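[1] What follows is a predicted protein model with its sequence.
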Amino acid sequence: MKALVYTGAQAMALRDVPDPDAAGDALIAIRHVGICGSDMHAFAGHDERRPPPLILGHEAAGDVISGPLAGRRVTINPLVTCGRCEACRSGRDNICPERQIISMPPREGAFAELLSMPPGNLVEIPEDVPTAKAALAEPIACGWHGVRLGAAALDRPLGDARCRVLGGGAIGLGAALVLAARGAGAIEIVEPNPDRRRMLAEAGDFRVIGPDETPEASPDLVIDGVGIEASRAAATAALRPGGVMVHIGLGSPSGGLDVRRMTLQELTFIGTYTYTREDFRETAAAIFDGRLGALDWPEIRPLAEGLRAFEDIRAGRVAAPKIILEP
């Protein structure tokens, strides 16, 4: 099969590689696969968990060609968990100590023509839903999980809460769409790229502002979809006393939190890691029934042009919140 292989810092090549071993699993022909921020970290050479050579990509949907669900179109939950540990049994399988994710050894990713996955990780796509839209289940599920945890920690109903999302990429936009679908109060997205701000303004019912614009009021809930020192500092500075910060993005591992203010103003910090299996299925259902809007904002490019897509994202030449590759 053909695959886009990460070969070293800022280097990728389209190569012929062996087909995956699908013994006991479903073999899927990948139709669409998104580029995630974690793929970008690996491409930049900043993720020691993803050593080259490696097939990246974990936001995928396609057609099952053999094994369970053969003949069905599916979107793929890329987290493979044990199903036996305390975390899995309690419904928090996303923090299973044995979890694996495709695009990280020992599991190759989905920037390829074929992928094998356990059938329990597959969600069937209705006939009227394109696979490009279904591939958004993975990044939006991160926001679904984060909004669920943030709403549970608030001291008021989500419908009465002022919400701010930092970052207008797919994680941030997805979180904003989930907030809107769950009936949140005023929603703001803070995004530095003016071209992307124009696209975001058409994607949903929320206010889109630049980082230097004056927000309407201190938010009750901030979702940090960027996760760098500056965004964490902005989040802790912005929250009203007693507010909640949900940290989804992980662009840098440390810095930015104002621990003094968090302590004196009783701010709640919630770190989130991906989503549970149930979160993923609920997100897919919300995509399928239209609760999250048209979801027509990704830019689709051929897998063969994947290296250029990575370079364009890294150089800031992409206005779309997401690039999806098509094998």
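    Noted; the coordinates are in hand.
[2] the strands in the stretch 51-200 of the chain, which residues?
    54-55, 59-66, 73-76, 79-80, 100-101, 114-117, 122-124, 163-166, 187-190 (DSSP state E, counting those that start in this stretch).
[3] What residue spans form the domains of this structure?
    What automatic domain parsing lists as the domains of the chain is 2-136+298-326, 140-271.
[4] Spit out the contact partners of the spatially closest residue to G316 that is not a sequence neighbour.
    Spatial nearest neighbour of G316, excluding adjacent residues (Cβ to Cβ, 6 or more residues apart in numbering): N193 at 7.1 Å. The way it works is simple: take the backbone N, C-alpha and C, and place the C-beta from them, glycine included. Taking Cβ atoms under 8 Å, 6 or more residues apart in numbering as the criterion, N193 is in contact with G168, G316, A319.
[5] With F269 instead?
    M245, H247, L257, M262.
[6] same thing but 10 Å
    153, 224, 232, 235-236, 239, 244-247, 257, 259, 262 (Cβ atoms under 10 Å, 6 or more residues apart in numbering).
[7] Select from the contacts of N193 the one having the most neighbours.
    Among the contacts of N193, G168 has the most neighbours (other Cβ atoms under 10 Å), with 25 neighbours.
[8] Would you mind measuring from it to A3?
    G168 sits 30 Å away from A3, going by Cβ to Cβ, to the nearest Å.
[9] Kindly report the same for E188.
    In terms of Cβ to Cβ, E188 sits 40 Å off from A3.
[10] Out of those two, name the residue with the larger neighbour count.
    With neighbours defined as other Cβ under 10 Å, E188 and A3 compare such that A3 has more, 30 against 22.
[11] Number of residues surrounding P106?
    5.
[12] what are the ranges of the helices in the stretch 201-327 of the chain?
    229-238, 259-264, 277-288, 306-314 (DSSP state H, counting those that start in this stretch).
[13] out of those, which comes closest to E48?
    helix 306-314 (18.6 Å; Cβ to Cβ).
[14] for the closest one, which positions count as buried?
    G306, L307, A309, F310, I313 (16 or more other Cβ atoms under 10 Å).
[15] Show me what that helix is in contact with.
    Against helix 306-314 from outside (Cβ under 10 Å, 6+ apart): 3-7, 10-14, 33, 35, 37, 39-40, 42-44, 56-57, 111, 169, 299, 301-303, 305, 317-318, 320, 322-327.
[16] Which among those count as buried?
    3-6, 12, 14, 33, 35, 37, 39-40, 42-43, 56-57, 111, 169, 301, 303, 318, 320, 322-327.
[17] if we can go back for a sec, measure the residue nearest to G316 to A137 for me?
    Applying Cβ to Cβ to N193 and A137 gives a distance of 25 Å.
[18] Next: E216.
    From E216 to A137 the distance is 31 Å (Cβ to Cβ).
[19] show me what contacts the residue sitting nearest the centre point of the chain?
    With distances taken as Cα atoms, centre = their mean, the residue of the chain nearest its centroid is P139 (2.3 Å). P139 is in contact with 34-37, 58-59, 169-175, 225, 248, 275, 283, 298, 321-322, counting by Cβ under 10 Å, 6+ apart.
[20] how much space is there between it and E278?
    17 Å.
[21] residues touching P219, list them.
    161-165, 185-188, 235, 238-240, 243-245.
[22] measure the residue of the chain most remote from its centre to D258 for me?
    Ranked by distance from the centre of the chain (Cα atoms, centre = their mean), the top residue is L264, with 32.2 Å. Distance from L264 to D258, counting by Cβ to Cβ: 10 Å.
[23] And the pLDDT for the residue nearest to the centre of the chain?
    On the pLDDT scale, P139 is placed at 97.
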